[in-house]
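Enquirer: Below is the sequence, then the predicted model.
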Amino acid sequence: MRTSGIPQERTFHTLDDAGRLDARLDWTLHGRSRLIGALVFAGILAVVFGKALVALGFHAAESDLHSHILLIPLISGYLIYLCRKQLPTEHTCSARLATIALLVSFSSVGLAFLLRERGGISQNDYLGLMAWGFVCYLAH
């Protein structure tokens, strides 16, 4: 059944290792909207944390000790790409874990701002706390 010309369900077919047609990836309208929502949330977080993330990028680019930080997102994306067939297809949400991640991120960002205002934190530690807060918000 169609509503307003938009198909409600679409199945993307892929080939498995033996060359057989694999129709496990079932993207419903609900699944796509969740993905779009997650991407929008990640984009908003990137804008909110943009100043700290850009500062972290410049700090890592100028430092021999921290230069590996720039490779972490690329390597993580590559590993996800390599293991994409082994990743779970069913996702569940845990309110308890999301609450813990949210509390840790609030604490991290709050501590970073508090210590920065008092002058009791180095730029390195401030950027580390902000990056940790960003990752915890993203995990939320």
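Expert: Yes, it's here. Numbers count the residues shown, from 1 in each chain.

Enquirer: CA atoms for contacts and neighbours, from now on please.
Expert: Will do.

Enquirer: And Leu115, how close does it get to Ala46?
Expert: Applying Cα to Cα, to the nearest Å, the value for Leu115 to Ala46 is 22 Å.

Enquirer: And for Arg32?
Expert: On the measure of Cα to Cα, Arg32 and Ala46 end up 21 Å apart.

Enquirer: now swap in Gln86 and tell me
Expert: For Gln86 relative to Ala46 (Cα to Cα), the value is 28 Å.

Enquirer: distance between the ends of stretch 78-87?
Expert: Using Cα to Cα, one end of stretch 78-87 lies 13 Å from the other.

Enquirer: helices or strands next to the helix of greatest length in the chain in the packing?
Expert: Secondary structure of the chain read by DSSP state H shows that its longest helix is helix 95-118. Secondary-structure packing of helix 95-118 (3 or more Cα pairs under 8 Å, 6 or more residues apart in numbering; DSSP states H and E): helix 123-139.

Enquirer: what's the helix it packs on packed up against?
Expert: Looks like helix 123-139 contacts helix 29-48, helix 50-62, helix 95-118 (3+ Cα pairs under 8 Å, 6+ apart).
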